[in-house]
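J.: sequence first, predicted model second:
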Amino acid sequence: MDIFTQQLINGLVVGSIYALVALGYTMVYGILELINFAHGEVTMIGAMVALSVIGILMGTAPDLPGLMVVVAGLLLAIPACMALAFTIEKIAYRPLRKAPRLAPLITAIGVSIILQNLAMLVWGRQYVSFPAVLPRGQHEILGAHITDLQIVIVVLSLLTMAGLWLLVERTRLGRAMRATAQSREVAELMGVNVDRVISATFVIGAAIAALAGVMVSAYYGLAHYYMGFMLGLKAFSAAVLGGIGNIAGAMLGGLLLGVIEALGAGYIGDLTGGFLGSHYQDVFAFFVLILVLVFRPSGLLGERVANRA
Amino acid sequence: MAAQLLRVVGVSKRFGGLSALDDVSLSVAQGEIYGLIGPNGAGKTTLFNCLTGLYSLSAGEIHLGGAAIHGHKPHQIVAAGFARTFQNIRLFANMTVLENVMVGRHARTRAGVLGAVLRCARTRGEERAIHDRSRELLDYVGLKHKGRGLACHLSYGDQRRLEIARALATDPQLLALDEPVAGMNPSERREMGALFLKLREGGVTLLLIEHDVKLVMGLCDRVAVLDYGRKIAEGTPENVRQDPAVIAAYLGSEAP
């Protein structure tokens, strides 16, 4: 089996999930210059809600096809996350709209801790496993394996990103979002209801996060009240890598980060003569984050901050 | 006399101990070109910011077409029919010229997230209407073939025109222009003056802040003069020009 191709595939799969979560970070940052640290937890809640729904459905209607059960879980997780993000923005961030930037940032960390603890109370401290209900087909491609689930994850992610791109570039709401990102004040003076646009931004990001949460728990086969923390940090790193505030950058950054991480995990054993193993894979995301912050703080596709205004 | 469109009653605005506007009252009639002049720092732009909801009033009332608009949010005031441009041009620099105007249509259209996602026939029709109306407006202000470029690549004069097109896209009854010909050469100024007259013929009432006294005097039906946050004169350009208080304010000497 070709390690390089295999890790490339694995990286693209995980990377497309990172990209989806990173979009939520970058959209909110683009408009509010706020790093919404609670976004990782929204992803976690998405996974947890979906798993609960799946569990209940499997208990009450065991004859339903597995795919339908998972889709039902997803379809309930999405509105749940949208409502959650809407509420978070309204009660935690909106009152601080005019406060110094550090205040909402710290609030975001607080919200993230609250959500983690709530999830722990509701779903417990133990890992919740994702039932094996999805088809487990496997294919050979260029000497590597790719599963049906991996294909679905990549395709769904790409479709979601394309959809978001169209929304932002081609619709009335997207125009209002871009205008608000450039200048909240002017957008408002041109008749844009900025509060509503900001709410919509959070809600759209949360819908995408719910999808990502379900994907990641299906992929790794489990979910946990703490899963949003690491996933959120990596997605945030991906957003910074691509250039935070830049939507295309989040997509590129997510995919790149996934690939870097997978290749790193695949080769770190060989490179260090077995001294470090693949469980060090988390190191790469943050190594990349540090390199970007040192050498290109604006990210791959980001503009220099001075050019914004 | 035509109906009052804008009525400003006893408006004051204080920033801490500084009184930027002090009991300013004025009214603008439907179809009028109303000029607002005064030395630097007189409070002209502050008054604009109060009118458009950017600043909250310390005292006073503002009515547009009979309805109170003070205390409303900026986007609600736009929806009520009051649009503005900016003294220092403030376009959405990284959006295309056409998109800038299309943002201005926001207040007059409805499609939300759901419509955008589902792409239903009504949303598509609305999007096309936004597009067509915005093209018309670019044409109207003389930017017909410049819609596709980025707003930041326009020349200075064209950026001023784009600001007007964007404001017009909100279908205003009253358009407030904050120094619209600042930095323009005489021929550009004449073109802008012609555009203002065309706007008025199209039924838009204009409220004009301007430093170019000649332009104001030639164009405006009535003029108000602000000095240190107070209205010191109001009337036809001829009357205001001869008002001793105005002469004193501009020349910095005591009135004889």
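T.: Ah, there it is.
J.: up against chain B, what does chain A have?
T.: By CB under 8 Å from any CB of the partner chain, the residues of chain A that approach chain B are A:163, A:167, A:170-176, A:178-179, A:182-183, A:185-194, A:200, A:203-204, A:309. Using the backbone N, CA and C atoms, a C-beta is placed for each residue, glycine as well.
J.: and the residues you listed, which of them are buried?
T.: A:167, A:171-176, A:178-179, A:182-183, A:186-194, A:200, A:203-204 (16 or more other CB atoms under 10 Å in any protein chain shown).
J.: any idea of the mean pLDDT for the longest helix along chain A?
T.: The helix spanning the most residues in chain A, taking DSSP state H as the definition, is helix A:3-32. Taken as a whole, helix A:3-32 carries a mean pLDDT of 94.
J.: past that helix, which element shows up next along the chain?
T.: helix A:39-60 (DSSP states H and E).
J.: what's the angle between that next one and helix A:3-32?
T.: 110 degrees (axes from the mean of the first three to the mean of the last three CA atoms, to 10 degrees).
J.: quick one: low-confidence ranges for the chain?
T.: Since no chain was named, I'll use chain A. Across chain A, the ranges flagged by pLDDT under 70 are A:1, A:303-309.
J.: nope, chain B please
T.: Using pLDDT under 70, chain B drops low at B:1-2, B:112-119, B:251-256.
J.: ok and the residue in the stretch 101-250 of chain B nearest chain A?
T.: B:A107 (2.8 Å; CB to the nearest CB).
J.: find the closest residue to chain B in the stretch 151-300 of chain A.
T.: For the stretch 151-300 of chain A, CB to the nearest CB, closest residue to chain B: A:G191, 2.8 Å.
J.: excluding chain neighbours, give the residue nearest to that residue in space.
T.: B:A107 (2.8 Å; CB to CB, 6 or more residues apart in numbering or on different chains).
J.: which residues does the one you found contact?
T.: Counting by CB atoms under 8 Å, 6 or more residues apart in numbering or on different chains, B:A107 makes contact with A:M190, A:G191, A:V192, B:H75, B:V78, B:A79, B:T170, B:D171.
J.: what of B:H70?
T.: B:H70 neighbours (CB under 8 Å, 6+ apart): B:C50, B:L57, B:G60, B:E61, B:I62.
J.: pull the most distant pair out of the residues you listed.
T.: B:C50 and B:E61 (10.9 Å; CB to CB).
J.: and the residues of chain A next to chain B, which of them are in helices?
T.: Per DSSP H, the residues of chain A next to chain B map to helices at A:163, A:167, A:170, A:172-176, A:178-179, A:182, A:185-189, A:194, A:200, A:203-204.
J.: quick one: secondary structure of the residue nearest to B:I62 when sequence neighbours are not counted?
T.: Leaving aside its sequence neighbours, B:I62 sits nearest to B:H70 (CB to CB, 6+ apart; 4.3 Å). Under DSSP: H, G, I helix; E, B strand; the rest coil, B:H70 falls in the coil class.
J.: tell me which element B:L207 is part of?
T.: Using DSSP H and E, B:L207 falls in strand B:205-209.
J.: also B:E163?
T.: Here B:E163 is assigned to helix B:156-168, by DSSP H and E.
J.: so that helix, near chain A or not?
T.: Yes. Helix B:156-168 reaches chain A (CB under 8 Å from any CB) through B:R166, B:A167.
J.: same for that helix, what does it pack against?
T.: strand B:82-84, helix B:97-104, helix B:121-141, strand B:174-178, helix B:186-201 (3 or more CB pairs under 8 Å, 6 or more residues apart in numbering or on different chains; DSSP states H and E).
J.: contacts for that helix, please.
T.: Counting by CB under 8 Å, 6+ apart, A:190, B:83-86, B:89-91, B:97, B:100-101, B:103-104, B:134, B:137-138, B:140-143, B:146, B:151, B:154, B:175, B:177, B:180-181, B:183-184, B:188, B:192, B:195, B:199, B:204 sit against helix B:156-168.
J.: my guess is A:I268 meets A:Y280, correct?
T.: Yes. Using CB atoms under 8 Å, A:I268 makes contact with A:Y280 at a distance of 5.7 Å.
J.: neighbour count winner among those two?
T.: A:I268 (19 against 14; other CB atoms under 10 Å in any protein chain shown).
J.: where's that one relative to B:A165, distance?
T.: Going from A:I268 to B:A165 by CB to CB, to the nearest Å gives 58 Å.
J.: check B:G43 too.
T.: In terms of CB to CB, B:G43 sits 28 Å off from B:A165.
J.: same check, this time on A:A179
T.: Distance from A:A179 to B:A165, by CB to CB: 15 Å.
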